[in-house]
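J.: Below are the sequence and a predicted model for it; my questions follow.
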Amino acid sequence: MGHYLRVVTLASASGKYGGPFDTAGRQAAIWVSSTALPFVLLAGYLDGDRPEAHDSPVQIDFSRVRRVLPSPGFTGLTSWAVTKAIFSNSRRSELIHISMSRELIPLTALLFARLLRKPLVLQPHGMLTTRSSAFFRSTNRLLGILMGKRALFLALTESEARELRAAFGHKIHVQVLGNPLPPEVRRANRVIPADALSDAVFIARLHPRKRVGVFVEAARESARRGWANKYAVVGPDGGDIALVTGAVAENFAYEGAMRADQIVGRLLRTRVFVHTADNEPWGNVLVTAIALGIPVIVPESTALASSIRETGAGIVVADNDAAAVAEAVNLLVSAPEVYDRVTLGAKRFTELYLSELQQIKGLSTAYSRAIELAK
C-alpha cells in the first residue's frame, strides 16, 4: 500500500514562513495516530534555518532549497533535490495533499499530481484569497486551469470558502476545516500569571500584512494615557522590523523571534493576545491563545471575528484603530469581571471549533472525497 503525501514550501526553525508547515505536521500526526496509515511530509529548508528533528509519527523529508527566481517572498524557492523528492513520492502516493500557494514548490507538486492523476487536496491557508489585484486575479485563472475540476479545497472558514468560489468558480469542491492546535496546548495549565512578561503580546512574522505598527502605536497610546500596561512583540522580520526596533518606550519590548514549540510557553505569560493583521484567514497563534483561555483582541477583517464576538472569546475593534486596541487592552487588564467573562467565552469557542475529533472527522471526509473525485 502506498502512502499519503503532504507538500509544503518551507520548514523553518526561525518561523519565517509562518504557520503552514506547523499545520501540515500537526494534521499529518493526527491522521497517522488515528489511522496508522503511512504519511510523508515534504518541505524545503534554507541554509542555517533547518528545524531540528522532533518526535513525530510522520516521516518528514527535508530538502535544502535556494532562491532560483528573483521574486519576492518565498515564490522562487526550489531545488533539484526537492523536485526529485516530490516526484518520487508522488509516484508512490495514494493521495497528495498540498499546502497551496503561488510558489514553485507547491506548483511543482500540483503539476506532478495532475500528470500522475492522483487524488488531490489543496489547502491554501488563505494564501490564494488575501490579495485581489488584477495580477493575482489573472494568476488565479491560470491556477484554476492547472488545478483541474477534481481537486478538493480545504478552506479555513466559511469566509475563505466563499472567496475561493469567487476566485476559482462556484463549481469547485470546497470543505471547511480549521487548523489543529499544538499538542502542548492540551497539556498546558492556564492560570493568570502573577509574573506576566506582558499585559499584551503580539506574536507573528513582522510582515506588512500583520500590521505590527498598529500594535506599536497602541503601546504609545497606552503610555500617553498614563496606563501602566506592558506591551511586547515576538516574531521574525518579514519587512517591518524597523517599526519594532525603532519603538523606544518603557512600556514596550521586542523579544525577537521564537521557535514554534516555545509559543505556548510565551502565551502562558501574557494576559491578553493582540492580533492586528489585515484580513487574517485563521491565525494559528490566535486560536492557540483562545484555546489557552487567553482573551484576544482582533480587527473586524479577521475571518474569525464574528465567531469571536458571538462566543465572547475576545474584543473586536475596527481595523487600524490603535486607540481602540489600547482601550480594549486596558479594559481587560483593569476589569477582572470582564476578563473572567471573556475567558469563559474562549472556552466556548474552543469547544465549538477546535477539538481534535473535529480534525480527524474533517480529514477523513476530505481524503475520502478526494479519492472519490479522482475516479
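T.: Good, I have the coordinates.

J.: tell me the mean pLDDT for stretch 92-112?
T.: For stretch 92-112, the mean pLDDT works out to 95.

J.: oh, I was asking about stretch 313-327
T.: What stretch 313-327 shows for mean pLDDT is 98.

J.: Tell me which residues of the strand or helix carrying Ile105 come out buried.
T.: Element membership for Ile105 (DSSP states H and E) is helix 104-115. By 16 or more other C-beta atoms under 10 Å, the buried positions in helix 104-115 come out as Leu104, Ile105, Pro106, Leu107, Thr108, Ala109, Leu110, Phe112, Ala113, Arg114. For glycine as for every other residue, the C-beta is placed from the backbone atoms N, C-alpha and C.

J.: what does stretch 248-262 contact?
T.: Contacts to stretch 248-262, defined as C-beta atoms under 8 Å, 6 or more residues apart in numbering, come from residues 13-16, 22, 54, 182, 184, 197-198, 203, 216, 219-220, 222-223, 228-236, 244-245, 247, 266.

J.: what's the answer for stretch 325-339, then?
T.: By C-beta under 8 Å, 6+ apart, stretch 325-339 touches 192, 199-200, 214-215, 218-219, 221-222, 225, 227, 229, 231, 271-272, 274, 276, 295, 297, 315, 317, 342.

J.: Among the residues you listed, the buried ones, what's the ChimeraX command?
T.: Buried residues among the contacts of stretch 325-339 (16+ other C-beta under 10 Å), as a ChimeraX selection:
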select :199,200,214,215,218,219,221,222,227,229,231,271,272,274,276,295,297,315,317,342
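
J.: Inside strands: which ones of the contacts of stretch 325-339?
T.: Among the contacts of stretch 325-339, the residues falling in strands (DSSP state E) are Asp199, Ala200, Tyr231, Arg271, Val272, Val274, Ile297, Ile315, Val317.

J.: any idea which of the buried residues of helix 104-115 is the one closest to Thr311?
T.: Lowest distance from Thr311 to the buried residues of helix 104-115 (C-beta to C-beta) belongs to Pro106, with 33.2 Å.

J.: contacting residues for that closest one?
T.: By C-beta under 8 Å, 6+ apart, Pro106 lies in contact with Val7, Val8, Thr9, Ile98, Ser99, Met100.

J.: does the third one count as helix, strand or coil?
T.: When the structure is split into helix, strand and coil by DSSP: H, G, I helix; E, B strand; the rest coil, Thr9 lands in strand.

J.: State the distance from the closest residue to it other than its chain neighbours to Glu184.
T.: Distances taken as C-beta to C-beta, 6 or more residues apart in numbering put Ile105 closest to Thr9, at 4.5 Å, once the chain neighbours are dropped. Per C-beta to C-beta, to the nearest Å, Ile105 is found 28 Å from Glu184.

J.: Good, wrapping up.
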